[in-house]
Structures are given as C-alpha cells and as structure tokens.
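> Turn this into a structure:
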Amino acid sequence: MLERAGAPAPNDGKVYPVVTKSGNAIRCVPLAQTSESSAVGGEGFEVVDTKGTIYTLNQYVSRYERTLSKSYPDPVLSLTAGAVGSSGFGQLVEKESASIYNFGNGGNRQLSAGYNLPRKEILLYPTRVTDRFGNSVRYIWNPANPWQLLRIEADDGRHLDFTYLSGTSARVSKITDGSRTWVYSYTSDLGWTDSPDTLTLPDGSVWVYRLARLSLASPGLSTSCDSASTPNRSVYTGSITAPSGATLTIAMQQVLFGRSGVYRECIKLLDNQEYPVEPYLFGGFAVISRTITGPGLLAAGQVWNYSYGPPNNCWIIPQGTVGGGVACSSDSPSTRTVAVTDPDGHVTRHTFGNRYKVNEGLLLKTEYGWNGAAAERTVTIDYADPEAAPYAPSNGRSLRHMGDYDITGFLRPQRQVTVVQQGQTFTWQVAADCSGMPYCFDTLARPTKIVKSSTP
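Numbering: from 1, shown residues only. Below is the predicted model:
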C-alpha cells in the first residue's frame, strides 16, 4: 500500500489516497460493527482494481502472536559487592528488573533472560466483492466472534455455510452448500508433533496436511552494520497428501540474502553496537527441496532441489568516511541466483536483480538446462525505465523509510523478452515508434503496441 503520487484514480467522485504498485486504488471505509471493532475504532479499506472489481475489506480481527525474545547485549547479571555470605552463595542482581537470584559457589552466571516483544496481528477480512457488472458476493461474519465467517453468498443464490469447533473457535469444522459437505479435523498444535489435519471431501476422499512444524521456523537473523549471524541450518518440513495417495513434502531452511549498491550508513545504539539504516544482508526462510512420493513412483520419489547462490552484497561507502564490510567495485555483481535441479537432473537457473534502488527483486534471466557454462534455452527480460512516459515514474510512495522503500512504487513494466534456443532468437518487445514517448505504453504502463520477431 502506497501513498498516491501520480497514479490515475477511478473517476467515480470518491477520493482514493492510497494505491498499489499495480495501480489498484484504495480508500477508507467504516469498519463493520463487531464486538471487537467497536472497542478499537479505526477504518477499513475499499479496493478498486484495474479491472473494475471492488473489494470491501472492513471486517476487523486480531490475534496475539508468539512473543519475540532476544538476549541482552551485555551480561544479564552482575555480582553485587559483598554478596557472598556465610552460606557460600553469590547474590546476583538482574540489571533491568533488579530481580534477585542466588547461585552456588558465588559464581557470576548468566540467565537466558532478555528483551521480550509481545506481538498482536491485526487483519481486515472482506465483507463484499463486486465485479464491474454489479454482481456481488457477500461474506457474513459472526458479530460476537469476528473470526467466524458464517456464510458466503452470491447474488444468484449460491452459498456456503460454515460451522466451527466451538462458539469461540476460529477453526472450521464443516462447510456445506446445502447438498454437499466438507469436513475438517485437527490434531496438530503449534508444530510440536507431526499429527495430521484432514479435509474430507463430499465423495469421502481425504486430504491430509502435516504443516504445523513450519510454524516453528523463524527467518530472522541477528545483524550488525557489516555482518549477519550464520544462518540456522535446521530444516523444517511440511507435507500435503492428496486423495490419490501422492504426497508433496516441502523442506525449508534459513538462507542469507544480500543487496548490492547500498549506501553504508550505520547508527550506534545504547548497546554500543552499530546497526545499518539500510541493511545489505538479511535472512529469509526459503524452500530447499520439494519431493513427491506415492503410487507409481519410486520409493525415493520425485525430488526438486533448490540451491541459492552467494548473497553478492556490497556497500557504497561515502567519500570521506571509514567503513567496514564488503565495498562495491566496478566488478561487483548486481544480481544473485537460484538454481533448481529437477528429478531428471536438469538444472534451471534463475537470476534476480539485487541492486539497491535499481533492479532488486526483478527476475532478469531464466536459463533452462544449465550445465554450469551454457543453457539449452535462455529467457532474458528487460524492463522499461520508470521515466518512460506517458506513465508516472511511480504510482505512490511507501510510508516505510527502510528496506525496499524507493523501489516499491517504481513502475518497471517488461519492455522486451528475448528467448534464445537452438541457435534461434525469438523477441517480444514493446514498440518504440509511438510519437512523443520512448516506448508504446499507456498511462497505466500497459503496452499499446507489441512487435514479435525471430532470427535467423
């Protein structure tokens, strides 16, 4: 969600101060009245996408998430003067809370104490969706328990009714359309076991889900200005089994990613540690393998393995300042790669931009049948410059002033896609012969004229 800055808005007499990168317009609307929303106040949103569909998102719900904890940057406990008494115990005082702890032998031990950050997640769920022809679907919620969706009903009379495990539960036990019924059961809790959750379809067939362990994973990494902690190598898995007996197992792990061309600016906090204003290293929770097993397959199944290349991080160090870490040079890469090896051993390599404020996050190239030096098929994507009129350079401005703040709103439509395969080159490109503009786009950054060609 961006603060509007140049993007076209619907011509319906309403004010849309918020926009998305793709041009969806957003305005504020009153919250649906529930036991929770009446206590907190505030507003919801109405979203109009570029096809004219209207989404009303004003069902307010909230829930507490697991508390985030971190240790103190300096020793938690210190030995108080003269604390060792006749009992032979040392008396230790926790600095922040002044709580008293006693340990044998007068030792200066530390506790696994630290800073705790309670967290609450707030969501806005839909109450109505209307297409550009006026057809609507309504979402009816329980006013006494805002988490419980009671019914989805369409203008033509079709509907789905929801039943829950209890009057206060957020877990669905049954869905029916009046003639067919879907039944849900749950045995997993907080990821501590591999007990399955199930969905029984109207024909009696069953889907089985073992995904709870994925909830235990955390992508965060401890970072200082110039470095990040070593990623946690623990592997977390989850699986889904279809009625046919085929099972998809997903394995995920913490991965270190990097950004290039970031201006090095560090701040020193009370713990005397330096932290970056814009990080050039960060952790992510990423898929490392997908496996399909089941009837008709070998016992080992079909496996796709994911390999993440180096983070390729580097600083631009302002002139006249002293900086650590990895400094950018003329040879520094501005991309990073992900390689996927399929069950037959074929490798597909994806190249993404990681240049700060330029191309980070954009898919630049996909190489199929990569052997380490060449590929059987290469697809390269070039993007138009944000200044390529007639569209505005950016639909809006992010209210966040860190991370992907600048590039979030930039309009970077595809300008050219080039496919090279078996000595042939196939090109899809936006024409450049429209009067008064670099390329043939409209004000929403959509191409108005496309040229397709091949050589030889």
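
> List the beta-bridge partners for T130.
Here T130 shows beta-bridge partners I54, S136, assigned using DSSP bridges.

> again with the one 10 residues further on
The residues listed as beta-bridge partners of I140 by DSSP bridges are R151.

> List the contacts of it.
Residues in contact with I140 (Cβ atoms under 8 Å, 6 or more residues apart in numbering) are 149-153. All C-beta spots, glycine's among them, are computed from the backbone N, C-alpha and C.

> Please dump the residues you listed into TSV; it should also carry pLDDT and distance to Q33 for every row.
Listed next are the contacts of I140 as TSV, based on pLDDT from 0 to 100; distance: Cβ to Cβ, whole Å:
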residue	pLDDT	distance to Q33
L149	96	16
L150	97	15
R151	98	17
I152	98	20
E153	98	19
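
> Mind putting the residues you listed into CSV with neighbour count and distance to E65?
Below are the contacts of I140 laid out as CSV (neighbours: other Cβ atoms under 10 Å; distance: Cβ to Cβ, whole Å):
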residue, neighbour count, distance to E65
L149, 20, 21
L150, 15, 25
R151, 13, 28
I152, 18, 27
E153, 15, 32
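
> Distance to P118 added to these, as JSON lines?
JSON lines is the format used below for the contacts of I140 (distance: Cβ to Cβ, whole Å):
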{"residue": "L149", "distance to P118": "27"}
{"residue": "L150", "distance to P118": "30"}
{"residue": "R151", "distance to P118": "34"}
{"residue": "I152", "distance to P118": "33"}
{"residue": "E153", "distance to P118": "38"}
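
> Report the two of these separated the most.
Spatially, the most separated pair among the contacts of I140 is L149 and E153, at 11.3 Å (Cβ to Cβ).

> Just give me the closest of the contacts of I140 to L31.
Once Cβ to Cβ is applied, the member of those that ends up nearest L31 is L149, at 16.1 Å.

> For stretch 211-231, buried residues please.
Judged by neighbour count using 16 or more other Cβ atoms under 10 Å, the buried positions of stretch 211-231 are 211-213, 217, 219, 221, 223-226, 228, 231.

> Can you show me the helices along the protein?
For the chain, the helices defined by DSSP state H occupy 37-40.

> which regions of the stretch 251-400 of the chain lie under the pLDDT threshold?
Scanning the stretch 251-400 of the chain for pLDDT under 70 picks out 271.

> repeat that with 80
269-273, 320, 322-323, 399-400 (pLDDT under 80).

> where do the strands sit along it?
262-263, 266-268, 274-276, 281-293, 302-308, 315-316, 335-341, 347-353, 363-368, 377-383, 396-397 (DSSP state E, counting those that start in this stretch).

> What lies in contact with the fourth one?
Surrounding strand 281-293, the residues in contact under the criterion Cβ under 8 Å, 6+ apart are 217-221, 223, 227-228, 231, 235, 246-259, 299-306, 308, 311, 313.

> Next: the fifth one.
Outside strand 302-308, the residues within contact range by Cβ under 8 Å, 6+ apart are 255, 257, 286-293, 336-343.

> what angle do it and strand 281-293 make?
Following axes from the mean of the first three to the mean of the last three Cα atoms, to 10 degrees, one obtains 170 degrees for the angle between strand 302-308 and strand 281-293.

> Just checking: what are the partner strands of strand 302-308?
Assessed with DSSP bridges, strand 302-308 is paired to strand 281-293 (antiparallel), strand 335-341 (antiparallel).

> will you turn those strands into CSV that also has mean neighbour count and distance to H350?
CSV is the format used below for the strands paired with strand 302-308 (neighbours: other Cβ atoms under 10 Å; distance: least, Cβ to Cβ, whole Å):
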stretch, mean neighbour count, distance to H350
strand 281-293, 18, 12
strand 335-341, 18, 5
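
> T187 contacts S195, correct?
Yes. The pair T187 and S195 qualifies as a contact (Cβ atoms under 8 Å) at a distance of 3.9 Å.

> quick one, what contacts N116?
Contacts of N116 by Cβ under 8 Å, 6+ apart are 67-69.

> Recalculate using a threshold of 7 Å.
N116 sits next to 67, 69 when contact means Cβ atoms under 7 Å, 6 or more residues apart in numbering.

> what about it, distance to E265?
29 Å (Cβ to Cβ, to the nearest Å).

> repeat for P295
In terms of Cβ to Cβ, P295 sits 57 Å off from E265.

> Counting neighbours, go ahead and name the busier of these two.
E265 (14 against 7; other Cβ atoms under 10 Å).

> Next one: the more buried one relative to G325, how far apart?
Taking Cβ to Cβ, one finds E265 at 12 Å from G325.

> Please apply the same query to K120.
35 Å.

> So these two - more neighbours on which side?
G325 (18 against 8).

> Can you tell me the closest non-neighbouring residue to the more buried one?
Of all residues not flanking G325 in the chain, D226 sits nearest, at 3.2 Å (Cβ to Cβ, 6 or more residues apart in numbering).

> Do I have it right that the one you found meets V322?
No. If you go by Cβ atoms under 7 Å, D226 and V322 don't touch, sitting 11.6 Å apart.
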